[in-house]
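Trainee: okay, structure incoming, though there's no sequence with it:
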């Protein structure tokens, strides 16, 4: 029985975005802020405390999205053709990914680099495991000046699902 390593995608849909569940913290911290404001100073101050609660919730969501973004770095997807060379991989994915509005470049080691929505993804083949990873990095000044990973996480889950599915689909079509 052949065991399949890595995630096999059935569609180009975005990866699971766990941040939608986290939005409830805005309500929770807003209510907590309102209660503290009423107890501490009355109704006028309670509104300020609600906004303070929203700010704390934003910081918590940013930290959670940072952790989730770092987990994406280590996701492994199934590689349908484990013995594929880097030039063959480049040849298989350049056209479909550029058609989708992505930029495909070759790294100095010959591996593909895909740029989409301000995020760079290096395609890393995990030899011996029949998998590949998409190692993301923020392009340009975004590495220094990002204040939160929330918007980059949302972009990454969409792009990584599309890129990984396209790679799997193109390599399946080659077989």
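Mentor: Looks like it arrived, so ask away. Just so it is clear, the structure is predicted and the values come from calculations on it, not from any experiment.

Trainee: show me the shaky parts of the chain.
Mentor: Applying pLDDT under 70 to the chain flags residues 1-4, 139-148, 174-175.

Trainee: which residue ranges form the strands in it?
Mentor: Secondary structure of the chain (DSSP state E): strands at 76-78, 103-106, 112-116, 119-126, 131-138.

Trainee: which residues does the spatially closest residue to residue 125 that is not a sequence neighbour bridge with?
Mentor: Using CB to CB, 6 or more residues apart in numbering and skipping residues adjacent in sequence, the residue nearest residue 125 is residue 132, 5.1 Å away. C-beta here means a position set from N, CA and C on the backbone, and glycine is covered the same way. Legend: beta-bridge partners of residue 132 under DSSP bridges are residue 77, residue 125.

Trainee: what residues does residue 132 make contact with?
Mentor: 6, 76-77, 79, 123-126, 164, 167 (CB atoms under 8 Å, 6 or more residues apart in numbering).

Trainee: now do residue 34
Mentor: Counting by CB under 8 Å, 6+ apart, residue 34 has contacts 46, 49-50, 53.

Trainee: for those residues, pick the one with the most neighbours.
Mentor: Neighbour counts for those, by other CB atoms under 10 Å, peak at residue 53, which reaches 23 neighbours.

Trainee: tell me how many other residues surround the residue nearest to it when sequence neighbours are not counted.
Mentor: In space, and not counting its chain neighbours, residue 53 is closest to residue 33: 2.9 Å by CB to CB, 6+ apart. By other CB under 10 Å, the residues close to residue 33 number 22.

Trainee: so how far is residue 135 from residue 111?
Mentor: Applying CB to CB, to the nearest Å, the value for residue 111 to residue 135 is 10 Å.

Trainee: what of residue 153?
Mentor: The gap separating residue 153 from residue 135 is 15 Å, by CB to CB.

Trainee: what of residue 47?
Mentor: Applying CB to CB, the value for residue 47 to residue 135 is 45 Å.

Trainee: more neighbours, the two?
Mentor: Per other CB under 10 Å, whichever of residue 47 and residue 135 has more neighbours is residue 135, with 16 against 12.

Trainee: for the more buried one, give me its contacts.
Mentor: For residue 135, the contacting residues are 73, 121-122, 124, by CB under 8 Å, 6+ apart.

Trainee: many thanks, have a good one.
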